[in-house]
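Peer 1: give me coordinates for this.
(chains A, B, C, D and E)
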Amino acid sequence: MIDFSQSTPVILSEVRQLTPTRRELVLNMGPQHPSTHGVLRIRLTLEGETVIACDPVIGYLHRGVEKLGESHRYAQFVPWTDRTDYVAAPSNNLGYVLAVEKLCGIQAPERAQYWRMIMAELTRLASHLVWLGTHALDIGALSVSLYTFRDRELILDIFEKFCGARLTTNMMEIGGFSREIPPELPEMVREFCRYFPKAIQQYEDLLTENPIWLARTKGVGIIEPDVAINYGLTGACLRGSGVNYDVRKAMPYLLYDRVEFDVPLGTHGDVYDRYLVRIEEMRQSIRIIEQCLEQVPTDGPLMAYESQYVIPPHKNVMTTAEDMQRHFIWVIKGFSPPKGEVYHAVEHSKGELGYYIVSDGSPIPYRLRIRSPDFVNLQSLPYMAQGAMLADIVALIGTIDIVLGSVDR
Amino acid sequence: MTELSATHFLLLSAALFIIGMVGVLTRRNILVIFMCIELMLNAVNVSLIGFAWELHQLTGQVFALFVIAIAAAEAVVGLGIVMALTRRADTVDIDELRQLRE
Amino acid sequence: MDWQRLLVSYFVGFVLLNVLLGLMAYMTWFERRVLARMQHRVGPNRTGPFGLLQPIADGIKLLAKEDIVPANADRLVFLVAPLLSFALAPLGAAVIPFGESLHLFGLEIPLLVADINVAVLYVLALGSIGVYGIILGGYASGNRYSLLGALRSTAQVISYELVLGLSLVGVFILAGSFSLQDILREQQRVLVIGPLTLPNWYILSQPLAFALFLIAAVAETNRAPFDLPEAETELVAGYFTEYSGFRFSFYFLAEYINMIVVSLLAGTLFVGGIDGPFADGVWWLALKALFFLFFYVWLRATLPRFRYDQLMGLAWKVLLPLALLNIGLTGLVRLWGIGAL
Amino acid sequence: MERTVDWLVVIPLAPLLAAVINFLFGKWWIRHRAHWIAVPAVGVSFLTSIVAAWTVLSRHERLHQPLYTWIRAGEFHVPVELVADQLTVVMLLVVTGVSFLVHVYSIGYMHHDPGYYRFFAWLPLFVFSMVMLVLANNFLVLFVFWEAVGLCSYLLIGFWFRRRSAAEAAKKAFVVNRIGDFGFALGIMLLFTSLRTLDYHAVFEAIPQLSSGTVTAIALLLFTGAIGKSAQLPLFVWLPDAMEGPTPVSALIHAATMVTAGIFMVARAHPIFLASPIALWVVAVIGALTAFVAATIATTQFDIKRVVAYSTVSQLGYMALALGVGAWIPAMFHLLTHAFFKALLFLGSGAVMHAMHDELDMRRMGGLKRWMPLTYWTFVIGAAANAGIVPLAGFWSKDEILVGAWVGGAPLLALVGLVAAFFTALYMFRAVFLTFHGQPRFDPHELHPHDPPATMAVPLVILAIGAAVTGFLGVPPETGWIHHALEPVFESATHHKVSLSLTLGMALASTLVALAGLWTAHAAYVRGTISPAAVAERLGPLYRLAANGWYFDVFYQRSVVRPLDAAANWLWRTVDVGIIDGAVNGSARIVALTAQMWRRLQTGLVANYALAIALGTVLLVGIYLAFGSTLFR
Amino acid sequence: MSLQVLIFSLLACVSILGALGVVIARNPVHSAIGLVLSFLNVAAIYLIARAEFLAVVQVIVYAGAVIVLVVFVTMLVHPDDLPEFHGRRPLRIVTGLVLGVALLLEVAAAVLTRSLSGAPGPWTDEAVAAVGGNTQALGQTLYSDYMLAIQLTALLLLAATIGAIVLARPEAVSERVAAARRTLTISLAHPRGLDQPERPPALPRPSDGQVKPAGSGRPIVLARSANEFTEQPAWGEWRTP
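Peer 2: Next up is the predicted model:
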């Protein structure tokens, strides 16, 4: 039933008058609530301390990204992608770019692919650090967030060194990287990979064996594997319940099949398991980055210039007429990929981020759909919230690790 | 009226007791009636202490202690009943709780 | 003659109050600095050297803030409630002996405001009255959520008050009196076990009681793992949400004064207050209290927050039985004459 | 002289056990095998009776067996003892003998009856009660088993209790018996109040002490019991209705045994009757009248069993007549012979009924001789014996009675007896001719009458032989075997010398009367020379009188039953409902009214109660201050 | 007028005012505050009567626990419409007052003209001080003459707590939650376990190589490739909660 008395008409679970004497307490959490990772509003129906019904209300950060996608040329949309999940921007870019390349049939050169993998794994670390910090802060451990944000700064420095921006990186381009890799970057990343395991150990010391942390997370928000699958959860939420699905392993893209890494699976599907899974994922990402650093060819093309959909190399534009003309058309009209539709999924830090693009041959995509993992994972919140305590809601929001940008798009 | 004697205590006790009684008789909110009963019990304590003071005996104080203990027990159970009652009848007005009559 | 003694004790009381307020102010500074150090950051250092003027700055800011009284609030009760908890907090320090009596210009000034024979019970009584500050504050602010927040925190304070009281019974049994003066005198006796000569501090003979007292004290003052009501991240509103400006700070300052008083009390009751290895004196008490205050901040930095039902469960299912067990044991020990302890 | 034995108890015990076993285990286990228990039991009882008879008659001694003391209240002592003297033994033989035969007969007759086990429970029970009645040595024990026998007759008459008429008949029999027993009980009580003891021997010796008025009263009261039980004149109405019960029951109870109990009781208590000539006279008159009335009714009946029933009443009348005139031994002799041929007649009619599929109305029978030769011959012998045709038993015993009457000072009654004898012969042979002779008045194809099976036929034959032979027990009229046997019992009675010529004369007269009866019956129903209808027409009111049982039933109905009914109704409606219920409900209503008033005081508001308490305290304190304390003084 | 009587009458007046406040206040919370005020003053009066232990106990038990409970219940029972009407029962109010005044006069009369009838007891001030204070004296008497009474009161309190718990226990929330679980909420996804297949059968323990003990006895399973644990999730019976 739709409750029109509220300022914004909200579809409600039927609010029941329990017994004549006991009215349910309906609590509005958000949208500006400090622990709701952006602008998520939750309408909680409480029975004393226990949550009876939990209705997340989203849409406060909806900017109509997909609609915009249908009115921008393919290359112009890239900056939008890193504003959906503003905590892990490069992965978003990567997802979109790979989808377009698949549409156009382009293959980025090997060196670019390696660097894309490194950047993707670094964004996973950055995103997990944000997750760990806020998650611990919500449950009350103040200091952990300080440590995690300190370490995240290092990653952001790398990003800044690589593409000039810390948060909205916009680093991936269709066909590879147009700019050269800064020479001191590999050393910075290698140095980071040496430091980071010690930092992870610091977090584990603070939380993993902490009795209060265990009390607040163990047995809270249990999702059975079949329920997780039915909810369509992906990423750490799914793997927390023991279901083995990682896009990098299931549908390997870039060069993930050349690197050796494990996919951690939880055994109980509660908040604590997802915490352990994500911590283990961070360690695995470090392993991936180190292997990539070893395997990446130190020199070689970064951009698939040979393809007609790719922007011509900068130095040729000024010198050769043909490139300059192609560059002009590419910039003004944009390239028009072949007719058809494509769906490409990427293992984003929150889960499976998928781009579905329908092209009608024109430079502007006919339809652009972003399958954002946060939006899907959020759906499991009401299920987990059933019978949970009020204080658990905060832990549950933390454990599904949502960023409202990618939820609302 | 110069030296502090049990009479002062007894007068105070009487005053408090009467106020409590009037409260119980006139008020309609169960909880206020409940408080007035506590007031009456307290008045009794005052008189006990008064006598203990005047007769230099501790028995008054000992009894006062027991009265407090029992008043606490009574309060706990009384409030339990009030909770159970209002959960069913959804009213605090003593006059509406007349089911026992039928 | 008693007029004069009354005046002296009044004077000592006045001095003690001011010292307490000063300590309270700098407690805020102390906490923020220590917390920052623990969180890998610096903490307030802009206002004066090492940020020492920060508390004063905060005070002025709060004074300047607009003091809003919500529409459907119960005006009188709304205004009085924070005053109540702020006023009751320092009274606890009145019974704590700060040292032997001074002989200044012919007057014998006891460094103790009032040595009443039911001292510790008096402190407990203050604690139980302090609850009204919270519950009336929650009720008076009119909105239902702060009322529920008030109910939850009162329930927590009452349960831990019980544990606090019972944990101290062990000490009373050994000391044989409620008055802090006697308890202090008992602790100053030197304990000789074989080769060791230990101070007869109750922390040694009553370790369990000490642990219970500490946990209960932390919970009683709504600090660290037990600071559920203030957890603004969780609840939509604690009991003080509608308060703003200086009235809001009353609650916080009351909390800090409570923390200081409890630390002093812990110091006196368990670690021999002013009694120290070389020369007894108030500085020993200050040192011990400082350690407890540091312990408070340390807890706040590391431990996440208890959930409400775990918090209550801990009080009633774990601490209370332990306290009763401790009372039983100490009783038996005292009964069978190993009174030497 | 007296001899104490311990086997005498077997006679009553065997049938009792049979009854109990059949009753308790009949429904589920024994069911259709009940006769295997009942018949042997009665057989044992019969054999023991024979032994007892042999010992008593041969050694002329009384057998005596004390069982236990029933009542011992102060000097009133009622021991339950079994005493067998000559009279008892004769009765025992009759009872157990006929019972045994009826039991055997019942095997066949009751073969498909669902209540088979129940029948074979009640029948032995009846035998037990009858035997105990006969063996009793105390008026109270006699009375108890007198009632037991009444009960058994009620149970057996109403055996098919689902049929309304059977239930009504049983109830009627029991009520009428009770009326008789009422008198009987009064008699015993009067006896007790006057003599303080109820033991036969003691009573008989103490009779001379009583005033003649008391004795007469006792005798008459005792006789009323006999009237009720032996269906004498005013209280005979129940016997014809008792035909509703199964035929073997009628045969055993309503022919041979129970109805004779009254006669036996009078015979047993003869010293009392001898002490009051008036009582004897009354007995005689009633006996004669009953004989005559019953005979006339019998001639107008069309139901074969009712004919035999009325004939029983008539024969009982004869016995009473004999007792009345002091012919004690002939009365017993007639009882003995009657038992045989009356049982035979009943069983015969039972066989006929069985064959005709329960058809009783003689107008729908006829010509059964062709199909049922055995039954026919046995029935004829029975009829002849009853009518008093010469060689058969009936002639000897009835003749002696008439002689006794003549000699005993009541020649008129003898004449009445003769007339009754004529009617007896008439209705007996009317029954014979209607059922067995003439053309069958039913559809032979539909019904196939045939002789009854062996179990029913054998008893018929034995009884037939009995009917024929028992007469010779008393052949030299005054000095027969039976007379010597019973002599010691009645030696206190006066004996009239009987001249030979009187005996022969009476014998000739009775035979002539019997033959006349036979001839008229033959004329009316075989030769058709006299048309019964015409006779009925001409006799008119007389015929209708006889047909309706001299309107006794109607009289009772109108004079006793209806007024009682009305009285009961009145009592129920006005007294019970009006007064008693009225009082009870009335008081309840008063209480309700007052309660309604007080209820308004109970408002349910807690506050009101608090105010009441407060008021109470104020008053109490005030009173204390005013009176208790020194304040105002 | 000695100092004591002065202070006593001051405190008495305040407590009487408090008591009046309880009766007159429209809002039960205000009457509760009045009651606290009255009790605190009575506690002070006990101090004057040198019954320190009683005073503190009065504050802790009465003011600190009982009235807090009453306020608690007022909040829980009827938080919305607390201010209470004064009732339409003028008759009842008048009779109440009249009876009150009458009883007051009677008692006052009795009190004023009373004659002392009790024998002065042993516990003079010096005796109390000798023992070490009111608490110690009280302790001695309590645990000597009134031992039985103490145990009975203990039993009574136990019974009262159990009774209160049973009375005030709200309906079991668990069923309500289970019922709520069955109702559909906004999430259009899984219809809340209605047709949820029961838990898949137990998984055989994965080879130890893959199990990595992660935290507080809780293992993490490391899947090397995508086709491990496909039919069965790593959700095995051997998991320890």
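
Peer 1: mind checking the longest helix of the chain?
Peer 2: In the absence of a named chain, this looks at chain A. Using DSSP state H, we find that the single longest helix of chain A is helix A:110-139.

Peer 1: wait, I meant chain D there
Peer 2: Under DSSP H, chain D gives helix D:164-195 as its longest helix.

Peer 1: picking that back up, tell me the angle of the following helix or strand past the longest helix of chain A relative to helix A:110-139?
Peer 2: The C-terminal neighbour of helix A:110-139 among helices and strands, as given by DSSP states H and E, is helix A:142-163. Orientation check (axes from the mean of the first three to the mean of the last three Cα atoms, to 10 degrees): helix A:142-163 against helix A:110-139 gives 160 degrees.

Peer 1: burial measure for the residue of the stretch 101-250 of chain C found nearest chain D, as a count.
Peer 2: Nearest to chain D in the stretch 101-250 of chain C, going by Cβ to the nearest Cβ, is C:Tyr139, at a distance of 27.1 Å. (C-beta placed from N, C-alpha, C; glycine too.) By other Cβ atoms under 10 Å in any protein chain shown, the residues close to C:Tyr139 number 26.

Peer 1: who's in contact with it?
Peer 2: Neighbouring residues of C:Tyr139 by Cβ atoms under 8 Å, 6 or more residues apart in numbering or on different chains: C:Asp74, C:Val77, C:Leu147, C:Ala150, E:Val29, E:Val71, E:Met75.

Peer 1: mind telling me what element the fourth one is part of?
Peer 2: Which is C:Ala150. helix C:144-175.

Peer 1: pLDDT on that helix, on average?
Peer 2: Summarised as a single mean, pLDDT over helix C:144-175 is 86.

Peer 1: report the buried residues of that helix.
Peer 2: C:145-175 (16 or more other Cβ atoms under 10 Å in any protein chain shown).

Peer 1: dump the very next helix or strand once past that helix to PDB, restricted to CA.
Peer 2: Going down the chain from helix C:144-175, the next helix or strand is helix C:180-188, by DSSP H and E. Output of helix C:180-188 as PDB, limited to C-alpha atoms (Å, rounded to 0.1, in the frame of the first residue of the first chain):
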ATOM      1  CA  LEU C 180      36.000   6.500  53.200                       C
ATOM      2  CA  GLN C 181      38.200   7.800  56.100                       C
ATOM      3  CA  ASP C 182      38.100   4.400  57.800                       C
ATOM      4  CA  ILE C 183      38.500   2.500  54.500                       C
ATOM      5  CA  LEU C 184      41.600   4.700  53.800                       C
ATOM      6  CA  ARG C 185      43.000   4.000  57.300                       C
ATOM      7  CA  GLU C 186      42.400   0.300  56.700                       C
ATOM      8  CA  GLN C 187      44.400   0.400  53.500                       C
ATOM      9  CA  GLN C 188      47.300   2.200  55.000                       C
END
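
Peer 1: tell me how far helix C:180-188 is from the chain's mean position?
Peer 2: Its chain's C-alpha centre and that of helix C:180-188 lie 19 Å apart, by Cα atoms, centre = their mean, to the nearest Å.

Peer 1: list the buried ones in that helix?
Peer 2: C:Leu180, C:Gln181, C:Asp182, C:Ile183, C:Leu184, C:Glu186, C:Gln187.

Peer 1: how far away is the first one from C:Leu293?
Peer 2: When Cβ to Cβ, to the nearest Å is applied, the distance between C:Leu180 and C:Leu293 equals 19 Å.

Peer 1: how close does the spatially most central residue of chain E sit to C:Val131?
Peer 2: In chain E, the centroid-proximal residue (Cα atoms, centre = their mean) is E:Leu69; its distance is 4.4 Å. Separation of E:Leu69 from C:Val131 (Cβ to Cβ) stands at 11 Å.

Peer 1: again, but for D:Thr378
Peer 2: 117 Å.

Peer 1: check the offset of stretch D:368-377 from the chain's centre.
Peer 2: That offset, for stretch D:368-377, works out to 31 Å (Cα atoms, centre = their mean).

Peer 1: can you pull the buried residues of that stretch?
Peer 2: So, applying 16+ other Cβ under 10 Å, buried residues of stretch D:368-377: D:Leu368, D:Lys369, D:Trp371, D:Met372, D:Leu374, D:Thr375, D:Tyr376, D:Trp377.

Peer 1: can you name the residues in contact with that stretch?
Peer 2: D:348, D:351-352, D:355-356, D:435-437, D:440, D:448-452, D:457, D:460-461, D:464.

Peer 1: same question for that stretch, mean pLDDT?
Peer 2: 84.

Peer 1: what of stretch E:6-26?
Peer 2: Computed over stretch E:6-26, the average pLDDT equals 91.

Peer 1: any bit of it sitting next to chain B?
Peer 2: Yes - using Cβ under 8 Å from any Cβ of the partner chain, stretch E:6-26 reaches chain B at E:Phe8, E:Ser9, E:Ala12, E:Ser15, E:Ile16, E:Ala19, E:Leu20, E:Val22, E:Val23, E:Ala25.

Peer 1: quick one on the thing from earlier: buried stuff in the longest helix of chain A?
Peer 2: For helix A:110-139, by 16+ other Cβ under 10 Å, it's A:110-139.

Peer 1: what's near enough to touch the residue of chain D found nearest chain A?
Peer 2: Closest contact between chain D and chain A, by Cβ to the nearest Cβ, is at D:Val606 (20.0 Å). Neighbouring residues of D:Val606 by Cβ under 8 Å, 6+ apart: B:Ile94, B:Leu97.

Peer 1: swap the cut-off to 7 Å and go again
Peer 2: Listed by Cβ atoms under 7 Å, 6 or more residues apart in numbering or on different chains, the contact set of D:Val606 reads B:Ile94.
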